[in-house]
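J.: What follows is a predicted protein model with its sequence.
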Amino acid sequence: MHRAAPLAALLLFAVSSAAADTIVLKNGRRITASNVTDDGEHVSYETSAGRFTLPKSIVARVEKDQYGYTSAAASHAGEPPPVSAPQIEPVRGYDDVARLSVHDDSIDFAYIARLESDARSGSPVAVERVAAAHYTAAQFLLTKGEIDSAIDHYRQALSFAPDNLGLLLNLSVLYLRQSQFSAALDPLERARRVAPNSPDVAKLTGWAYYGENKLDQAVEEWRRAERLHPDQEVERALAKAEKDRAEEESYREGVTAHFALKYSGMATPDLAIGILHVLEDDFREIESQLDYTPPEPIGVILYTGQAFADITRAPSWAGAINDGRIRIPVQGLSSVTSELARVLKHELTHSFIAQKTRNRAPTWLQEGVAQWMEGRRSTNSAAALVELIGQGRAPSLEMLEGSWMALSGNAASFAYAYSLAAVESIIQTGGVSDVSRLLDRIATAQSMDAALRESLHADYSDLDQQTVAYLRHEYLR
Ligand SMILES: [Zn+2]
């Protein structure tokens with residue numbers, strides 16, 4: 001009997017539950033889980049597959065679904081800004097303009113248009129009056145929660161007064177509060193040219209870089225802010241950024257067109273380069289087989305054995321895991337062995353399938369296609385599979401849709417082998433393009449039944465029968 005392969009990987013399927021939390025990783029990946037805890041260093045969570053732990057450094061935030069964080073702006077609600085925003089009035093002494101710009105609970109656009117036409121003369125006072133009007137309108141819109149419209153008013157004011165430091169800083173704060181960090185850097189760069197020694201510019205620029213996870217630059221900006229004007233709040237933010245950076249520095253990085261790889265000092269650079277090389281080749285092959293290009297770079301983390309167990313709490317039989325990033329234990333390896341090459345291709349296939357189906361592929365299809373891609377075939381398992389199925393003791397494919405984590409060793413062996421056989425039979429009947437089409441359907445279909453009907457014109461019982469017939473015909477004649 002074909003045992004659960006030591007390189008059999010497990011894919012962590014999201015558990016849906018009413019009170020589920022969502023762990024958002026820095027690579028954008030979302031893990032739905034329950035009982036999420038955070039001890040400052042690690043985030044632990046439960047899924048149907050058991051309890052797992054991630055290093056805090058890879059987690060962007062945890063969203064508590066029961067509190068209904070829905071909008072993009074609110075999704076950062078659980079994570080306070082690293083520093084506060086300075087209070088700055090862009091212009092002073094235009095109370096008359098403020099009164100006439102917003103009255104009766106609305107913005108007087110006709111009045112603002114008249115001020116704008118006066119300001120085209122370039123008169124400094126006329127320009128200040130327009131800035132005051134748009135600033136008043138923006139403040140009014142913020143009380144209504146209309147951040148995007150407030151941003152528009154700041155941008156219009158800046159078209160008349162491009163060097164107004166208050167306008168530039170207030171605009172950057174609105175972007176920062178919405179986690180639009182690169183958009184915030186644009187007015188901040190202009191503000192730096194206007195006021196090179198402003199501690200506020202350095203403080204907010206540090207916030208933007210921190211948000212983008214550019215820790216070196218965040219540390220540099222906050223140190224600069226401290227030199228210009230010591231501030232306890234900036235001091236605390238700086239200490240945290242330096243701690244985060246020290247943690248990240250223990251991992252080296254390699255980036256290629258499709259991968260972002262991290263590895264600790266225990267893995268050799270040669271091994272890392274070799275792995276990236278193999279992954280790039282695999283990427284091109286799977287891309288053409290499955291007719292799909294994952295839109296985001298795929299994260300890969302190499303661990304030495306002990307770190308892998310500590311960080312993932314994966315069962316000891318799991319050779320590698322794919323929880324959005326491909327996590328691979330590489331202890332004792334100095335080059336890409338044939339075994340490691342198979343693991344890489346298997347795990348990379350999981351990444352493609354997860355993205356192509358939006359994480360909806362049933363486990364049997366995930367594992368069947370991943371094994372097929374790594375080059376496994378049913379040669380040694382066909383006879384045992386047909387025997388078990390003939391005795392009526394084997395589960396159907398439909399029963400292998402969900403998580404396999406509760407399966408015993410023997411049941412898992414059967415599940416892997418039978419899934420591979422099913423995928424082989426689909427490919428023999430209609431080619432790999434049938435698998436690709438099935439995956440596309442799964443992304444949008446109401447149910448797995450519908451996806452099978454629409455793409456293969458078959459149902460689960462047809463597929464079970466087809467698989468057994470294929471095994472007999474292909475291997476047992
Ligand atoms: Zn797998």
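T.: It's in.
J.: When you work out contacts or count neighbours from here on, use the C-alpha atoms and nothing else.
T.: Fine.
J.: For the helix or strand hosting Val386, name the packing helices and strands.
T.: For Val386, the host element (DSSP states H and E) is helix 382-390. Other helices and strands packing on helix 382-390, by 3 or more CA pairs under 8 Å, 6 or more residues apart in numbering; DSSP states H and E, are helix 409-430, helix 460-475.
J.: Residues contacting that helix, please?
T.: Outside of helix 382-390, the residues within contact range by CA atoms under 8 Å, 6 or more residues apart in numbering are 1, 394, 414, 417-418, 421, 468, 471-472, 475-476.
J.: Could you tell me which of those count as buried?
T.: Buried members of the contacts of helix 382-390, counted by 16 or more other CA atoms under 10 Å: 394, 414, 417-418, 421, 468, 471.
J.: among these, which two are most distant?
T.: Greatest spatial distance among the buried ones among the contacts of helix 382-390 (CA to CA): Ala394 and Leu471, at 14.9 Å.
J.: quick one: whichever strand or helix holds Val125 to chain centroid distance?
T.: Secondary structure from DSSP H and E places Val125 in helix 124-143. Put simply, helix 124-143 sits 38 Å off its chain's centre (CA atoms, centre = their mean, to the nearest Å).
J.: what comes up buried for it?
T.: For helix 124-143, the neighbour count (16+ other CA under 10 Å) marks 126-142 as buried.
J.: mean confidence for the helix or strand following that helix?
T.: Next along the chain after helix 124-143, taking DSSP H and E as the criterion, comes helix 147-160. Helix 147-160 shows an average pLDDT of 93 in the prediction.
J.: and helix 147-160, C-alpha only, in PDB?
T.: Taking Å, rounded to 0.1, in the frame of the first residue of the first chain, the C-alpha atoms of helix 147-160 are listed here in PDB:
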ATOM      1  CA  ILE A 147     -12.400  60.900   3.600                       C
ATOM      2  CA  ASP A 148     -12.000  60.600  -0.200                       C
ATOM      3  CA  SER A 149     -13.900  63.900  -0.800                       C
ATOM      4  CA  ALA A 150     -11.800  65.600   1.800                       C
ATOM      5  CA  ILE A 151      -8.700  64.400   0.000                       C
ATOM      6  CA  ASP A 152     -10.000  66.000  -3.200                       C
ATOM      7  CA  HIS A 153     -10.400  69.400  -1.500                       C
ATOM      8  CA  TYR A 154      -6.800  69.200  -0.200                       C
ATOM      9  CA  ARG A 155      -5.600  68.400  -3.700                       C
ATOM     10  CA  GLN A 156      -7.500  71.300  -5.200                       C
ATOM     11  CA  ALA A 157      -6.100  73.600  -2.500                       C
ATOM     12  CA  LEU A 158      -2.600  72.400  -3.300                       C
ATOM     13  CA  SER A 159      -3.100  73.200  -7.000                       C
ATOM     14  CA  PHE A 160      -3.300  76.900  -5.900                       C
END
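J.: which strands and helices sit next to whichever helix or strand comes after that helix?
T.: Going down the chain from helix 147-160, the next helix or strand is helix 165-177, by DSSP H and E. Where contact means 3+ CA pairs under 8 Å, 6+ apart, helix 165-177 is packed against helix 147-160, helix 181-194, helix 199-211.
J.: Could you say which of the ones you listed is packed most deeply?
T.: Ranked by mean neighbour count, the helices and strands packed on helix 165-177 are led by helix 199-211 with a mean of 26 (mean count of other CA atoms under 10 Å).
J.: Which residues outside that one are in contact with it?
T.: Residues outside helix 199-211 that contact it (CA under 8 Å, 6+ apart) are 81-83, 85-86, 169, 172-173, 176, 179, 181-182, 184-185, 188, 191-192, 195, 215, 217-222, 224-226, 228-229, 234, 241.
J.: tell me the angle that helix makes with helix 165-177.
T.: Orientation of helix 199-211 against helix 165-177 (axes from the mean of the first three to the mean of the last three CA atoms, to 10 degrees) gives an angle of 20 degrees.
J.: restrict the contacts of helix 199-211 to those near the ion?
T.: For the ion, no contacts are drawn from these by CA under 5 Å from the ion.
J.: Run a quick neighbour tally on whatever residue of the stretch 251-400 of the chain ends up closest to the ion.
T.: The nearest approach of the stretch 251-400 of the chain to the ion comes at Glu367, 4.7 Å away (CA to the ion). Other residues lying near Glu367 total 27 when counted by other CA atoms under 10 Å.
J.: Do a quick rundown of the helices in the stretch 1-150 of the chain.
T.: Using DSSP state H, counting those that start in this stretch, the helices of the stretch 1-150 of the chain run over 95-101, 109-119, 124-143, 147-160.
J.: re the thing from before, of the contacts of helix 199-211, keep whichever come out buried.
T.: Among these, those classed as buried by 16+ other CA under 10 Å are 81-83, 85, 169, 172-173, 176, 179, 181-182, 184-185, 188, 191-192, 215, 217-222, 224-226, 234, 241.
J.: if I pick Pro90, what's in contact with it?
T.: 131-132, 135, 164-167.
J.: swap that for Leu365, sorry
T.: Contacts for Leu365 (CA under 8 Å, 6+ apart) come out as 419, 423.
J.: Would you agree it falls within a helix?
T.: Yes. Checked against DSSP: H, G, I helix; E, B strand; the rest coil, Leu365 lies within a helix.
J.: how far away is it from Lys345?
T.: 16 Å (CA to CA, to the nearest Å).
J.: same thing with Gln466?
T.: Distance from Gln466 to Lys345, by CA to CA: 27 Å.
J.: ok, those two, which is more surrounded?
T.: Ranked by neighbour count (other CA under 10 Å), Gln466 and Lys345 place Lys345 first, with 24 against 17.
J.: what's the neighbour count on the residue lying closest to the more buried one once chain neighbours are set aside?
T.: Closest residue to Lys345 apart from its sequence neighbours, by CA to CA, 6 or more residues apart in numbering: Glu374 at 5.5 Å. By other CA under 10 Å, 19 other residues sit near Glu374.
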